[in-house]
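Participant: Quick one, structure for this:
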Amino acid sequence: MNCPDCHNEIGRGVNFCPFCGASIIEFHQSYMDGIRYFCEGRYDQALRKMKVACLTDPTNPEILKDCGHAYLHSGNLAGALESYDKSEMLGGNFIDVKYNRALLHLNEHRLDEASLLLYEILGNPPEIKPGQFYLGLIFPDTKHFLAECHLYIGLILKEKNDFETALHHFEISWQNNDEKVAALHNMADLCLNLQKYGLAIEHYHELINRIPSRDSLLDIHINLGRAYYGNGQTDDAIAEFHWALKREPGNPVAIHNLNRIYEKEGILDGARDQKRRIRIVNIREGASPIFGLTEGNLTQSGEMAETESGISIIGRSQGMLRIMRHARLAASSDSTVLIMGENGTGKELLAKAIYYNSPRRDKPFVVVNCAAIPETLLESDLFGHEKGAFTGAYTMKRGRFELADQGTIFLDEIGDISLPLQAKLLRVIQEKEFSRVGGTDTIRVDVRIIAATNRDLKEMIRQGLFREDLFFRLNVIPIQIPPLRDRPDDIPLLVHAFVRKFTRGTHQKIRDISEEEMAILTDYHWPGNVRELENVIERAVVMGTSSTLYLEDLTRLKKLSIKTKREIPSPDDMSGDESNIPLESDGEMSLADMEREYIKRVLIHTGGNQRRAARILGINPSTLWRKLKAYGLDLDELISGPRDAS
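Facilitator: Reported below is the predicted structural model:
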């Protein structure tokens, strides 16, 4: 060190300069005071004392290093780096400098440089004692210090997507310091990412026990639900997502994961019995605004059947799952929806489901059947009229649009309104304003429109019966409900649901429907769709005994199905008409065998053209494809067989 007065180099440990006699005691005291102030957390005062000590001995790497620590904790990063650089230039090789440099590199996102320093520390770990300056003030022992270093390396590797190695470092960090919740949290997240669901569940449970604040547990419970679902514990996953939604009803991550579960393998009853799992979607009126949240016993509800407790939509076919995905998107927005489908498919109940799960569910829902109201009265019904507007208008009347303000209006059978009224409806959709019949005041409304029709609007446009501009305004979110004949997989679910519905509150205990009876119901083409099926089941329950169904309807349906197949000309007599193909049998055949043979003959006739065969069979090409898979029919062998025989 140098004397502060004469600047001659003097030895350490002396109290006076041998050249000029100056006192060195105060400079020793400055360094010791700096250390003491630092230990007390008075970093600015410590820095002033350390600067004095550095001026006294500017070539001492340890004093420069400690002065750098004071700079760092005082917030002067540039001064800290300058002191660290001087210390290392003078031969200093300190672990605490490397550690602080690594943290500074991490702060600047210089991950490679930080990891090199941390690995160097792990290669030569220091021995840390409690209270020892400098690292002893931060860490109680070496294990806690190494736990921190492994944690930072794990975070760097996680950032680089090296998840397996990162998980290894997090595990070491947790082993060295089991109070390091950050390491445990990262272990759980990485196990989930690496699909190690059992370990993820274990770590998340430990994490929940370690964190006292319930508010910070939301994301943990959501991730625990994802881990449960990945591990096949669907009921536990649903419970975790419900826990999250009770604390934050609009949490989008919980909603998304819960919807995904109910789409893929929803729950048949409130008990969530694992052995009775089917794909099912349930929408409850007044429940949380989420498609797929079941409440109560769903077995008491039918397909698109409105009960006192709400609306239930049942279906495991791909067509219905696709409908529900579209309906979810429609419910979350405020856009106009156009629902299309045959009579009896449940267009109005789907509209109600969208309404009950939309942000406007607490506002009015007004239903207008455009086909049931005479054309002369429909305009007044929609827009209202002023007193004296026409004969019999003795009072002013508010229209349906006005009544639905801030809510939703459902225009059923929109294809049946006249062209003049279509023009007025177009203006309401575009401008959100109208005038009552016989009035001059403009009325503005904020209404969400859901329309439905069983007619082909595009064909009506070509015939000049429907305005093209109105169609484009309505067709923002189109939803096409498939007819029941295109989703036979849903029929058994609907039958059981309707039987339970119509026996509810009675003393009837209907036995299970036999496979033969169910095959008859599944084979029938149901021109009246779900409504016709519901009527058949209701009649069978009412006319039956306390334990059996009235089967006359089933016999009639069987005869209709067989008649449809038998009243078909043979391929040789078709003369180009390919509307039907005959089915012949030398002996008794089951219904499945008959269907398999019939599909074979149709495909042979069409030369393997599946789209043409599906049209003849009256089913969708996707349904035909599934039946080919189910019956093990190889299309190439099927087509080449007859050709070889010829």
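Participant: What ranges does the stretch 301-450 of the chain have for its strands?
Facilitator: For the stretch 301-450 of the chain, the strands defined by DSSP state E, counting those that start in this stretch occupy 305-306, 311-313, 337-340, 365-369, 384-385, 397-398, 408-412, 433-434, 443-444, 448-453.
Participant: As JSON lines, those with mean pLDDT and mean neighbour count would be great.
Facilitator: Using the backbone N, CA and C atoms, a C-beta is placed for each residue, glycine as well. Conversion of the strands of the stretch 301-450 of the chain to JSON lines gives the following (pLDDT from 0 to 100; neighbours: other CB atoms under 10 Å):
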{"stretch": "strand 305-306", "mean pLDDT": "41", "mean neighbour count": "18"}
{"stretch": "strand 311-313", "mean pLDDT": "69", "mean neighbour count": "24"}
{"stretch": "strand 337-340", "mean pLDDT": "94", "mean neighbour count": "24"}
{"stretch": "strand 365-369", "mean pLDDT": "91", "mean neighbour count": "18"}
{"stretch": "strand 384-385", "mean pLDDT": "90", "mean neighbour count": "22"}
{"stretch": "strand 397-398", "mean pLDDT": "88", "mean neighbour count": "15"}
{"stretch": "strand 408-412", "mean pLDDT": "94", "mean neighbour count": "23"}
{"stretch": "strand 433-434", "mean pLDDT": "90", "mean neighbour count": "17"}
{"stretch": "strand 443-444", "mean pLDDT": "92", "mean neighbour count": "14"}
{"stretch": "strand 448-453", "mean pLDDT": "95", "mean neighbour count": "25"}
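Participant: Which one of these lies nearest to Lys180?
Facilitator: Closest to Lys180 of the strands of the stretch 301-450 of the chain is strand 311-313 (CB to CB; 48.0 Å).
Participant: low pLDDT regions in the stretch 1-150 of the chain?
Facilitator: 1-28 (pLDDT under 70).
Participant: 50 instead, please
Facilitator: 25 (pLDDT under 50).
Participant: Tell me which of the strands of the stretch 301-450 of the chain lies nearest to Met187.
Facilitator: Met187 lies closest to strand 311-313 among these, at 40.9 Å (CB to CB).
Participant: Skipping its backbone neighbours, what lies nearest Asn535 in space?
Facilitator: Gly528 (7.5 Å; CB to CB, 6 or more residues apart in numbering).
Participant: Tell me, how many residues neighbour Asn161?
Facilitator: Asn161 has 8 neighbours, counted by other CB atoms under 10 Å.
Participant: Contacts only, for it.
Facilitator: By CB atoms under 8 Å, 6 or more residues apart in numbering, the contact set of Asn161 is empty.
Participant: In a strand, it, correct?
Facilitator: No - if the criterion is DSSP: H, G, I helix; E, B strand; the rest coil, then Asn161 is coil and not within a strand.
Participant: any idea how far Ala200 is from it?
Facilitator: 18 Å (CB to CB, to the nearest Å).
Participant: lowest confidence element among the helices and strands of this protein?
Facilitator: strand 281-283 (a mean of 39; mean pLDDT, DSSP states H and E).
Participant: Is the closest residue to Pro61 other than its chain neighbours part of a helix or strand, or is it coil?
Facilitator: Distances taken as CB to CB, 6+ apart place Gly92 nearest to Pro61, at 3.3 Å, with adjacent residues excluded. The three-state label for Gly92, taken from three-state DSSP, comes out as coil.
Participant: can you tell me which residues contact Gly92?
Facilitator: Contacts for Gly92 (CB under 8 Å, 6+ apart) come out as Pro61, Glu62, Leu64, Lys65.
Participant: what's the helix or strand for the second one?
Facilitator: What it means is Glu62. helix 61-73 (DSSP states H and E).
Participant: Okay, buried residues for that helix please.
Facilitator: Neighbour counts using 16 or more other CB atoms under 10 Å place Pro61, Ile63, Leu64, Lys65, Asp66, Cys67, Gly68, His69, Ala70, Tyr71, Leu72, His73 of helix 61-73 among the buried residues.
Participant: Isn't the first one up against Glu88?
Facilitator: Which is Pro61. Yes - judged on CB atoms under 8 Å, Pro61 makes contact with Glu88 at a distance of 7.5 Å.
Participant: can you list the weak-confidence ranges in the stretch 201-350 of the chain?
Facilitator: For the stretch 201-350 of the chain, the stretches flagged by pLDDT under 50 are 215, 266-310.
Participant: switch the cut-off to 90
Facilitator: 203-221, 228-334, 343-346, 348-349 (pLDDT under 90).
Participant: Could you state which residue of this structure sits nearest its centroid?
Facilitator: His256 (1.7 Å; CA atoms, centre = their mean).
Participant: and the strand or helix carrying that one, which residues are buried?
Facilitator: For His256, the host element (DSSP H and E) is helix 252-265. Neighbour-count burial for helix 252-265, with 16+ other CB under 10 Å as criterion, is recorded at Val253, Ala254, Ile255, Asn257, Leu258, Asn259, Ile261, Tyr262, Glu263.
Participant: got those residues as TSV, with distance to Glu179 columns?
Facilitator: Shown next, in TSV, are the buried residues of helix 252-265 (distance: CB to CB, whole Å):
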residue	distance to Glu179
Val253	28
Ala254	29
Ile255	34
Asn257	31
Leu258	34
Asn259	38
Ile261	35
Tyr262	39
Glu263	41
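Participant: quick one: contacts for Leu146?
Facilitator: The neighbours of Leu146, taking CB under 8 Å, 6+ apart as the test, are Leu122, Pro125, Ile172, Ser173, Asn176.
Participant: Which residue is the nearest non-sequential neighbour of the third one?
Facilitator: Once flanking residues are discounted, Ile172 sits nearest to His150: 4.6 Å by CB to CB, 6+ apart.
Participant: do the same with Phe145
Facilitator: Per CB to CB, 6+ apart, closest to Phe145 is Phe139, 4.2 Å.
Participant: check contacts around that neighbour.
Facilitator: By CB under 8 Å, 6+ apart, Phe139 lies in contact with Ile128, Phe145, Glu148.
Participant: Ok, Leu533 next?
Facilitator: Listed by CB under 8 Å, 6+ apart, the contact set of Leu533 reads Leu484, Ile491, Leu494, Val495, Phe498, Leu521, Trp526.
Participant: Which of the three states applies to it?
Facilitator: helix.
Participant: if I look at it, how far off is Glu515?
Facilitator: Leu533 is 18 Å from Glu515, by CB to CB.
Participant: can I assume Leu137 is in contact with Gly131?
Facilitator: Yes - between Leu137 and Gly131 there is a contact at 7.0 Å, judged by CB under 8 Å.
Participant: the more surrounded of the two?
Facilitator: Leu137 (15 against 9).
Participant: Spatially nearest residue to that one, not counting backbone neighbours?
Facilitator: The shortest distance from Leu137 to any non-neighbouring residue, by CB to CB, 6+ apart, is to Cys39 (6.2 Å).
Participant: now swap in Ser622 and tell me
Facilitator: Leaving out its chain neighbours, the residue that sits closest to Ser622 by CB to CB, 6+ apart is Gln318, at 7.3 Å.
Participant: could I get stretch 435-442 in CSV with only the CA atoms?
Facilitator: The C-alpha trace of stretch 435-442 is given here as CSV (Å, rounded to 0.1, in the frame of the first residue of the first chain):
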residue,chain,number,x,y,z
SER,A,435,-89.0,3.9,-37.3
ARG,A,436,-92.2,2.5,-36.0
VAL,A,437,-95.0,2.0,-38.5
GLY,A,438,-96.8,5.3,-39.0
GLY,A,439,-94.0,7.2,-37.1
THR,A,440,-91.3,9.6,-38.0
ASP,A,441,-89.0,9.4,-35.0
THR,A,442,-85.8,7.3,-35.5
